[in-house]
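Visitor: give me the fold of what follows.
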Amino acid sequence: MADFLQELNDVLFLDIETASAFPTFEDIPPRLQEEWQRKAKQIQSAEPIDPAELYFEKAGIYAEFGKIICIGVGFFMYSKTDDELVYRTKSFAETEEHDTLMHFRELLEKKNWILCGHNGKEFDFPYLCRRMLINRIPLPDVLQLAGKKPWEIRHLDTMEMWKFGDYKHYTRLELLAAAFDIPSSKEGIDGSMVNKVYYQDGDLENIRKYCLRDVEVTARVYLAYQGLPGDMAMTIINLDEETKDNLQ
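Guide: Below you'll find the model as predicted:
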């Protein structure tokens, strides 16, 4: 088990929070308005919904119409000498998406990370790639898939791991947290509320905290897959709080 805990040092757990790229449908540039109207016809339910209303509800999940407003990360450091597991967590949430992505990219370039997210292979990782390219940011090596063999791609996905080959199976992170008796990340906000909290409430700090809670749950689920308790004792260090203290 000590070897596994040491290998954790290379795993970067992450989660992204996204919102519609613009506050309202009317704010979208004309070309993108036309594209969203086409998209709306494809995704609306049997009962037609106004494209403007649907934009505020759904645009954030599509990289072409949304943007990343927060990236939360967490990583472990294990001291074999002290037999202590330390979990460090940090968020990136700047006013401009470009700055958020650039600061995150700088972290990715610091070491040869293995990325881990819940449904990361279908959502977080491709969304990050698409938004980086739209922001004219070259992809860091760990997100670059072109030309790589499958075993060279350093990505883990806690949802994929839980499927055990059952590719029709989708499992919410919250369900896994409940199954493994891991404290919930849903305290006052969930993913469906992010657009409202961001644009109408202007509460990015609340979104930041929610994002980091999701990252911690993902990390604890990963530990649970190794037979470790969901409430395993660890020292948690929030690097965002350390930064605030240094600025005071």
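
Visitor: so how far is whichever helix in the chain runs longest off the chain centroid?
Guide: Secondary structure of the chain per DSSP state H: the longest helix is helix 204-224. How far helix 204-224 lies from its chain's middle: 9 Å, per Cα atoms, centre = their mean, to the nearest Å.

Visitor: now do the same for it: mean pLDDT, whole number.
Guide: The average pLDDT within helix 204-224 is 94.

Visitor: strand partners (parallel or antiparallel) of the helix or strand following it?
Guide: Next along the chain after helix 204-224, taking DSSP states H and E as the criterion, comes strand 235-238. Using DSSP bridges, strand 235-238 pairs in its sheet with strand 84-92 (parallel).

Visitor: tally of neighbours for L115?
Guide: L115 has 22 neighbouring residues, counting by other Cβ atoms under 10 Å. For every residue, glycine as well, the C-beta is placed using N, CA and C.

Visitor: how about the helices in this structure?
Guide: Under the criterion DSSP H, the chain carries helices at the ranges 2-7, 30-43, 51-58, 97-108, 125-134, 158-163, 173-179, 194-199, 204-224, 239-247.

Visitor: output the ones you listed as TSV; include the columns distance to R88 and mean neighbour count.
Guide: Putting the helices of the chain into TSV (distance: least, Cβ to Cβ, whole Å; neighbours: other Cβ atoms under 10 Å) gives the following:
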stretch	distance to R88	mean neighbour count
helix 2-7	14	12
helix 30-43	38	13
helix 51-58	34	18
helix 97-108	11	18
helix 125-134	20	18
helix 158-163	19	18
helix 173-179	20	17
helix 194-199	24	19
helix 204-224	11	22
helix 239-247	6	10
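
Visitor: on that earlier part again, now do the longest helix of the chain against strand 84-92: the angle between them, please.
Guide: Relative orientation of helix 204-224 and strand 84-92, computed by axes from the mean of the first three to the mean of the last three Cα atoms, to 10 degrees: 140 degrees.

Visitor: could you say what helices and strands helix 204-224 packs with?
Guide: strand 11-20, strand 66-79, strand 84-92, strand 114-117, helix 158-163, helix 173-179, helix 194-199 (3 or more Cβ pairs under 8 Å, 6 or more residues apart in numbering; DSSP states H and E).

Visitor: can I see the domain layout of this structure?
Guide: The chain breaks down by automatic domain parsing into domains covering 2-17+73-247, 22-64.

Visitor: quick one on the thing from earlier: could the helices and strands packed on helix 204-224 be laid out in JSON lines, adding distance to L212?
Guide: Below are these laid out as JSON lines (distance: least, Cβ to Cβ, whole Å):
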{"stretch": "strand 11-20", "distance to L212": "8"}
{"stretch": "strand 66-79", "distance to L212": "4"}
{"stretch": "strand 84-92", "distance to L212": "5"}
{"stretch": "strand 114-117", "distance to L212": "13"}
{"stretch": "helix 158-163", "distance to L212": "16"}
{"stretch": "helix 173-179", "distance to L212": "14"}
{"stretch": "helix 194-199", "distance to L212": "14"}
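
Visitor: nearest to T89, of the helices of the chain?
Guide: helix 204-224 (5.3 Å; Cβ to Cβ).
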